[in-house]
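> mind looking at a prediction? Sequence and model below.
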Amino acid sequence: MRQLTAVEVLSLTKLLEMESNALTVAQASLMAVSDEQLKTMTQSGIVATQARIAGLQQFVSENKITAVDARVASHTQAQAQNANGEV
């Protein structure tokens, strides 16, 4: 694969950050949802967001992209562990 430009790395970093923030909001809002249908839809959204984050992390890992903000990567990993009941 070709080397990513600085703009592409920044875009990737921001995309991971946005997905991570969306996951946090969805997980927090899940506790406030009482309607079962809405809760199911929210849970589906959480699973989809986790899959997108995992896909982006895999892309970063497989292509050895080291310039992506390490805070974002560790933050998303911590969120994934929390969502899976790990600590």
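Looks like it arrived, so ask away. Numbering: from 1, shown residues only.
> got the buried residues for the host helix or strand of Gln37?
For Gln37, the host element (DSSP states H and E) is helix 36-62. When neighbours are counted by 16 or more other C-beta atoms under 10 Å, the buried residues of helix 36-62 are found to be 42, 46, 49-50, 53, 56-57, 60. In this view, the C-beta of every residue, glycine as well, is placed from N, C-alpha and C.
> any chance of those in TSV, plus distance to Lys14 and pLDDT?
Below are these laid out as TSV (distance: C-beta to C-beta, whole Å; pLDDT from 0 to 100):
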residue	distance to Lys14	pLDDT
Thr42	24	95
Ile46	21	97
Thr49	15	96
Gln50	18	97
Ile53	13	95
Leu56	11	92
Gln57	15	91
Val60	13	88
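> can you put those in CSV and add distance to Leu23?
Listed next are the buried residues of helix 36-62 as CSV, based on distance: C-beta to C-beta, whole Å:
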residue, distance to Leu23
Thr42, 11
Ile46, 7
Thr49, 5
Gln50, 7
Ile53, 7
Leu56, 12
Gln57, 12
Val60, 17
